[in-house]
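S.K.: Got a sequence here, can you build the structure:
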Amino acid sequence: MKLMGPDAHAYARLHRLAIATVVAVFAAAFAAVIGTGSAGAAARVIVLGAAAPATPSCPTSCQAVGKTTGFQTSLPGAKNPFVVTVRGRLVAWSIKTGAPSTKPNPQNDNQSDLDFFNKTFGGAPKARVAVLKPIVKSIRTGHPIYKLKAQSPVEDLSDFLGQTTTFTLDTPLRVKPNNIVALTVPTWAPAFAINQSADTKWAASRKKGKCNETADILAGTPQDALGTQRSYGCVYNTARLLYSATVVADPNQAAPKTPPKK
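M.R.: Numbering: from 1, shown residues only. As a prediction, this is how the structure comes out:
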């Protein structure tokens, strides 16, 4: 069992059936809100991060992400899977978590993996989603800088470990093209798939060079103050953040054009 490592961070996606259900529910709900009779004609629903399912590392090789904000930058066949392409509203988000063992682990002074993470990160597993706006690359670090525009309420994941769970937003978050939907983890979350393909990457709101050591991770903080700007100096390979986000496009927007194949 590990805190994190260069190949050990990831959040994942909904199962295909869960995606279809969420799409149908929120298309209908949004149509009702804007007063139209047809969900299909009124709005288009986009699920960011809706790639093939992946298996969380817990409990087999249990790893957890902690105290950071992060987002997937690439998946097999999908670059920038969490970049918003339309004006609209983020109406729900989903997270897929592993179930850390509750049995004593000799590697943790006989604490269970669950107790170890709770103690190490200062509380129960929690998460929220954040809407980021890319600013510019930092001249000093060369890494992109992101401004926090909006975020959902924090959700306690304690009762949802080992499940794929969808949280609907009472107040949807406005999003615009080129915004990014990220996952913020104030404490920890076992929402990782490891040992993925080489084109699977995610970025974290940590300083360059402060990416893998336990002390640096525990000293880190997520980007959770509205209006703040943060450099995302750590990129992790072969791992996946197990979350997705459902966006309902504003009415009468054309679908983004598909770039021509080379």
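
S.K.: hey, let's count contacts and neighbours off CA atoms from now on
M.R.: OK.

S.K.: Surely residue 159 is in a helix?
M.R.: Yes. Counting by DSSP: H, G, I helix; E, B strand; the rest coil, residue 159 falls inside a helix.

S.K.: any idea how far it lies from residue 117?
M.R.: From residue 159 across to residue 117, the span is 15 Å (CA to CA, to the nearest Å).

S.K.: the more surrounded of the two?
M.R.: residue 117 (26 against 8; other CA atoms under 10 Å).

S.K.: What backbone torsions are found at that one?
M.R.: With angles defined as degrees, to the nearest 10, residue 117 sits at phi -70, psi -40.

S.K.: For it, give its distance to residue 179.
M.R.: Look at residue 117 and residue 179: by CA to CA, they are 31 Å apart.

S.K.: do the same with residue 167
M.R.: 20 Å.

S.K.: any idea how far stretch 159-173 is from the chain center?
M.R.: Mean-position distance between stretch 159-173 and its chain equals 12 Å (CA atoms, centre = their mean, to the nearest Å).

S.K.: quick one: buried residues of that stretch?
M.R.: By neighbour count with 16 or more other CA atoms under 10 Å, stretch 159-173 contains the buried residues 161, 162, 164, 165, 166, 168, 172, 173.

S.K.: Surely the last one is in a strand?
M.R.: Yes. Looking at residue 173 with three-state DSSP, it is inside a strand.

S.K.: And it, how far from residue 92?
M.R.: From residue 173 to residue 92 the distance is 9 Å (CA to CA).

S.K.: Could you pull up the residues touching the nearest residue to residue 92 once chain neighbours are set aside?
M.R.: Leaving aside its chain neighbours, residue 92 sits nearest to residue 168 (4.3 Å; criterion: CA to CA, 6 or more residues apart in numbering). Residue 168 sits next to 91, 92, 93 when contact means CA atoms under 8 Å, 6 or more residues apart in numbering.

S.K.: How many residues are close by the nearest residue to residue 44 once chain neighbours are set aside?
M.R.: Once flanking residues are discounted, residue 44 sits nearest to residue 249: 5.3 Å by CA to CA, 6+ apart. Residue 249: 26 surrounding residues under other CA under 10 Å.

S.K.: hey, what's residue 249 bridged with?
M.R.: residue 88 (DSSP bridges).

S.K.: Would you check that it makes contact with residue 85?
M.R.: No. Residue 249 lies out of contact with residue 85 (CA atoms under 8 Å); the separation is 9.1 Å.

S.K.: show me where the stretch 151-262 of the chain has helices.
M.R.: 214-219 (DSSP state H, counting those that start in this stretch).

S.K.: where are the low-confidence patches of the chain?
M.R.: 1-42, 138-142, 253-262 (pLDDT under 70).

S.K.: How about residues contacting stretch 158-165?
M.R.: Outside stretch 158-165, the residues touching it (CA under 8 Å, 6+ apart) are 14, 94, 95, 96, 97, 98, 99, 100, 124, 125, 126, 190.

S.K.: where's that stretch relative to the chain centroid, distance-wise?
M.R.: For stretch 158-165, the distance to the chain centre is 15 Å (CA atoms, centre = their mean).

S.K.: quick one: terminal-to-terminal distance for that stretch?
M.R.: Terminal-residue distance, stretch 158-165 (CA to CA): 12 Å.

S.K.: Residue numbering should commence at 125 henceforth.
M.R.: Let's use 125 as the start, then, which means that last one is stretch 282-289.

S.K.: if we can go back for a sec, got the buried residues of stretch 283-297 as CSV, with distance to residue 177 columns?
M.R.: Putting these into CSV (distance: CA to CA, whole Å) gives the following:
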residue, distance to residue 177
285, 16
286, 14
288, 11
289, 14
290, 15
292, 21
296, 25
297, 25
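
S.K.: Show me which of those is closest to residue 259.
M.R.: residue 297 (19.4 Å; CA to CA).

S.K.: For the residue nearest the centre of the chain, list the residues it contacts.
M.R.: Nearest to the mean C-alpha position of the chain, counting by CA atoms, centre = their mean, stands residue 307 at 3.4 Å. Residues in contact with residue 307 (CA under 8 Å, 6+ apart) are 193, 194, 195, 251, 252, 253, 254, 367.
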